[in-house]
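[1] Provided below are the primary sequence and the corresponding predicted coordinates.
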Amino acid sequence: MTSIIDKIYRGLCLIIVVFLSLTTLMVFINTFLRYTFKSSIISSEELSRFLFIWTIFCGGIVAMADDIHIRVDLVTAILPKSVNRILSAAVNLILAVISAVLAYGGYVQTSINLTNYAPATYVPMGYVYSVVILSGSGMCLICLVRAVRPFLSTGAKGGES
C-alpha cells in the first residue's frame, strides 16, 4: 500500500514539475515574441493558464501530504498531548468535510463545463475543472487518514505514529 501511495505522490510531483516548466516556457516564449516580433501565440496564454491551475491544485495535495499548509498552532503547542490528539482529529475531520465539498463542487462544475470550450484552444473547460475533483478527493483522503491514525496506533505508551 505504501508503494502505491509513494508512486502517486511522485507522480503528482512530476506533474507539478512538468506543468510548471511548460507554463514558464510558454510565458517566456510569448513574452519574447511580443517584445521582439510584436505578436504572440494566443493559444499559449490560455494553455499556460490551464497548466498553472493544474499545478496549483496538484500542489495542494502535495502540500497536504507533506503537512506544510499554513496553520496557527499557538493553542495546540501548549495543550497536553491527549487533548491535542483529539483536537487534531477534529480539525482533520473538518478539513476532510471541506475537501469533500470542494471535490463535489468540482464534479458539478466539471459536468456543467464539459460542453463549454475555451475560446483559443477549444479545450473543454470540464478538463480544466476536473483537477478540483482530484485535489478535493486527495486532500479529503489525507485528512481522514490523519484523523484516524493517532487512535489506531496505540502502543504501550499510547503514543502517536
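    In hand now; what should we look at? Numbering: from 1, shown residues only.
[2] List the contacts of the one residue sitting closest to the centre of the chain.
    With distances taken as Cα atoms, centre = their mean, G60 lies nearest the centre of the chain, 2.8 Å away. G60 sits next to S135, M139 when contact means Cβ atoms under 8 Å, 6 or more residues apart in numbering. C-beta: built from backbone N, CA, C; applies to glycine.
[3] a helix runs through D73, doesn't it?
    No - counting by DSSP: H, G, I helix; E, B strand; the rest coil, D73 falls outside a helix, being coil.
[4] From A77, how far out is the spatially most distant residue from the centre of the chain?
    Centroid-distance maximum for the chain: F37 at 37.2 Å, with Cα atoms, centre = their mean. For F37, the distance to A77 (Cβ to Cβ, to the nearest Å) stands at 57 Å.
[5] just S111 next, same as before
    Note on S111: its distance to A77, by Cβ to Cβ, is 43 Å.
[6] helix or strand for T115, which one?
    Following DSSP states H and E, one finds T115 outside all helices and strands.
[7] residue ranges for the helices of the chain, please.
    Applying DSSP state H to the chain gives helices spanning 2-37, 42-66, 81-113, 125-152.
[8] May I have the predicted confidence score for the residue farthest from the centre of the chain?
    pLDDT for F37: 94.
[9] Then K81?
    Per the predicted model, pLDDT is 89 at K81.
[10] likewise the one 3 residues further on?
    With respect to pLDDT, N84 has a value of 90.
[11] ok, and the closest non-adjacent residue to it?
    Nearest residue to N84 in three dimensions, chain neighbours excluded: T76, at 5.4 Å (Cβ to Cβ, 6 or more residues apart in numbering).
[12] Would you enumerate the residues in contact with the one you found?
    Counting by Cβ under 8 Å, 6+ apart, the residues that T76 touches are N84, L87, S88.
[13] Which one of these is nearest to I15?
    For those, the residue nearest I15 by Cβ to Cβ is S88; the value is 29.1 Å.
[14] pretty sure that closest one contacts R149?
    No - counting by Cβ atoms under 8 Å, S88 sits too far from R149 to count as a contact (9.8 Å).
[15] more neighbours, the two?
    A count of neighbours by other Cβ atoms under 10 Å puts S88 above the other of S88 and R149, at 18 against 14.
[16] Please consider this matter closed, and thank you.
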